[in-house]
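S.K.: Provided below are the primary sequence and the corresponding predicted coordinates.
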Amino acid sequence: MEERLIEMETRYMHQEQVITDLSEMVYRQELAIERLERDVRQLKEQLSIALPSLTRSPEDEEPPPHY
């Protein structure tokens, strides 16, 4: 009985450590995702300023001067 209790406590401690490790990993990934989303927004803004014709839809394009 005591051996089973020790085994259960050991498993519990291991599971607690795994949960803590996974929680930390999820937190770091969330930070990375937020940073990447911010970077993508900035790149889109820079692209729309540098090359507006690439970011506009065809409906928004002005017709060529010969039309």
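M.R.: That came through fine.
S.K.: what bits of the protein have low per-residue confidence?
M.R.: 54-61, 67 (pLDDT under 70).
S.K.: longest helix anywhere in it?
M.R.: helix 2-50 (DSSP state H).
S.K.: which other residues reach stretch 20-32?
M.R.: Residues outside stretch 20-32 that contact it (Cβ atoms under 8 Å, 6 or more residues apart in numbering): none. Where you see a C-beta, it was placed from the backbone N, CA and C, and this is true even at glycine.
S.K.: chain center to it, what's the gap?
M.R.: Taking Cα atoms, centre = their mean, to the nearest Å, the mean C-alpha location of stretch 20-32 is offset from the chain mean by 11 Å.
S.K.: With stretch 44-52 instead?
M.R.: 23 Å.
S.K.: go on, stretch 39-48?
M.R.: 16 Å.
S.K.: what's the answer for stretch 14-26, then?
M.R.: That offset, for stretch 14-26, works out to 19 Å (Cα atoms, centre = their mean).
S.K.: For it, output the C-alpha coordinates as CSV.
M.R.: In CSV, the C-alpha atoms belonging to stretch 14-26 read as follows (Å, rounded to 0.1, in the frame of the first residue of the first chain):
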residue,chain,number,x,y,z
HIS,A,14,6.0,14.5,-12.5
GLN,A,15,2.6,15.6,-14.0
GLU,A,16,2.8,18.9,-12.1
GLN,A,17,6.2,19.5,-13.6
VAL,A,18,5.0,18.7,-17.1
ILE,A,19,2.0,21.0,-16.7
THR,A,20,4.3,23.8,-15.5
ASP,A,21,6.6,23.2,-18.5
LEU,A,22,3.8,23.2,-21.0
SER,A,23,2.2,26.3,-19.5
GLU,A,24,5.5,28.1,-19.8
MET,A,25,5.9,26.9,-23.4
VAL,A,26,2.4,28.1,-24.3
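S.K.: Which positions in it come out as buried?
M.R.: For stretch 14-26, burial by neighbour count (16 or more other Cβ atoms under 10 Å) applies to no residue.
S.K.: what about residue 62, which helix or strand?
M.R.: Using DSSP states H and E, residue 62 is not contained in any helix or strand.
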